[in-house]
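In: Here is a sequence together with a model predicted from it:
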Amino acid sequence: MADQNRFYHIDLLRFCAAISVLMYHYTFRGTAADNLSERAFPLLAEIFKYGYLGVDLFFMISGFVILMSLQNKSVSQFALARAIRLYPPFWVCVSITSLFIYLSSDIRFAFDLSQYLFNMTMLAGVFYVPYIDGVYWTLLIELKFYVLVACVLAIFGQRVKQGFLYAWLFYTGLAIYFEMPEKLNYVLIPSWSTYFISGAIFYLIYANKATLDKIFALILSYLIAIYQARELLVQLNEYYQGDIEFLIVVLIISSAYLALASIALKRADVINQRIFYAVGGLTYPLYLLHQNIGYIMFNTSPAWLPNWLVLIFTIALVFLIAALVHHYIEIKLGNFIKRIVFPRSASAKELN
């Protein structure tokens, strides 16, 4: 491995997830419902209508990476490192999106000052405040996962992490068949937990070895993921009047599991190349920025411009903005803050 602190193939997977979500929004979601986009891409939509599954891959990757990030750190160090990693780019991206909305005067994306301030906390969903950009809902799910794992480890220590994952998976399975307490569901997020759990178990296999109990847990997690994907697919087809095929959904989810399995079993080292670090680094700001800025670009560009040209220009624009945010906020500002908060750390890599 080129760098034991960095999984470059994870960067590649993260980038694939981000691109799939971006293309889902640009070519399918915007015209399928809610009149968000005035430009249609029917041929691309047939492919990228499955791009919403990129979120599932993001959650699996988080399970893998966060469990790794907790190694040799106190809970307070972990919390501070996550806050430094997530909040400064988020604040900048929310502000950039808000500026685009303000300049466009498009009432479909309108917001007010209180909404903006609530969104800046990353907790707007807790207070039932509408998101300035719809993609932000996933960040609250991520935060719940971080807090849940950190609390368990703070109370019980590192030794219980595997048992906790199994218990969480058991609860997720129960939630399919039984009506569980609403407050407990809010904390344990059974609609998405199977992806975090599977990603974390893949990391345990990577760090130690594959055992029968881990393999059984992964199989159960996979079956739950397929079942829940089927339930979600029915809702999506009804809402978007679409024809998303269950078999293709199964193939995509299966591919995500196989990709993480190959990394966990150290069978993917051939593609663990530093070249993927550049694209992997762009994914967080790219994910935060793309949706509403893209729709605004589609809706305000001259009608005589070909759809394909507007699409290419819009993708190039959000990539450029994401690259600037990544370089100046995530890297430069992030490392500056880390040196202040963690002055004894040998390098910024330890704090990822």
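Out: Thanks, I have the structure now.
In: quick one: contacts for Phe90?
Out: For Phe90, the contact set (CB atoms under 8 Å, 6 or more residues apart in numbering) comprises 120, 122, 139, 288. Placement of C-beta: from N, CA and C, glycine included.
In: taking those one by one, which sit in strands?
Out: Secondary-structure check on the contacts of Phe90 using DSSP state E: no residue lies within strands.
In: Can you check these and name whichever has the most neighbours?
Out: Leu288 (25 neighbours; other CB atoms under 10 Å).
In: what about the closest residue to that one other than its chain neighbours, how many neighbours?
Out: Distances taken as CB to CB, 6 or more residues apart in numbering put Cys93 closest to Leu288, at 3.8 Å, once the chain neighbours are dropped. By the other CB under 10 Å criterion, the neighbourhood of Cys93 contains 26 residues.
In: Please tell me how far Cys93 sits from Asp56.
Out: Remark: distance between Cys93 and Asp56 (CB to CB, to the nearest Å) = 22 Å.
In: Please identify the helix or strand for the residue nearest to Leu288.
Out: Take DSSP states H and E as the rule and Cys93 turns out to sit in helix 75-104.
In: Report the buried residues of that helix.
Out: Neighbour-count burial for helix 75-104, counted by 16 or more other CB atoms under 10 Å, picks out 77-78, 80-82, 84-86, 88-90, 92-94, 96-98, 100-101, 104.
In: same thing with stretch 124-135?
Out: Within stretch 124-135, the residues scored as buried using 16+ other CB under 10 Å are 124-125, 129, 131-133, 135.
In: so how far is the first residue of it from its last?
Out: Between the opening and closing residues of stretch 124-135 there is a gap of 12 Å (CA to CA, to the nearest Å).
In: rewinding a little: from the chain's centroid, how far away is the helix holding Cys93?
Out: Computed by CA atoms, centre = their mean, to the nearest Å, the chain-centroid distance of helix 75-104 equals 14 Å.
In: Give the buried residues for stretch 315-323.
Out: When burial is assessed from 16+ other CB under 10 Å, stretch 315-323 yields the following buried residues: 315, 318-319, 321-322.
In: Any chance of these in JSON lines with secondary structure, distance to Arg29 and pLDDT as columns?
Out: As requested, those are arranged in JSON lines below (DSSP: H, G, I helix; E, B strand; the rest coil; distance: CB to CB, whole Å; pLDDT from 0 to 100):
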{"residue": "Ile315", "secondary structure": "helix", "distance to Arg29": "15", "pLDDT": "98"}
{"residue": "Val318", "secondary structure": "helix", "distance to Arg29": "15", "pLDDT": "98"}
{"residue": "Phe319", "secondary structure": "helix", "distance to Arg29": "19", "pLDDT": "98"}
{"residue": "Ile321", "secondary structure": "helix", "distance to Arg29": "20", "pLDDT": "98"}
{"residue": "Ala322", "secondary structure": "helix", "distance to Arg29": "19", "pLDDT": "98"}
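In: Tell me the one among those nearest to Lys338.
Out: Distance to Lys338, by CB to CB, is smallest for Ala322 among the buried residues of stretch 315-323, at 20.9 Å.
In: For that closest one, give me its contacts.
Out: Contact criterion CB under 8 Å, 6+ apart gives 282, 285-286, 289-290 as the residues in contact with Ala322.
In: May I ask which of these has the most neighbours?
Out: The most neighbours, when those are compared by other CB under 10 Å, belong to His290, which has 28 neighbours.
In: My read is that that residue contacts Ser20, right?
Out: No. The pair His290 and Ser20 fails to qualify as a contact (CB atoms under 8 Å) at a distance of 11.5 Å.
In: Of the contacts of Ala322, which is the nearest to Tyr206?
Out: Within the contacts of Ala322, proximity to Tyr206 (CB to CB) peaks at Leu282, which comes in at 24.5 Å.
In: Identify the residue nearest that closest one in space, chain neighbours excluded?
Out: Take Leu282 and drop its neighbours on the chain: the residue closest to it by CB to CB, 6+ apart is Ala322, 4.9 Å away.
In: Also Ala124?
Out: For Ala124, ignoring the flanking residues on the chain, the nearest one in space by CB to CB, 6+ apart is Phe118 at 4.5 Å.
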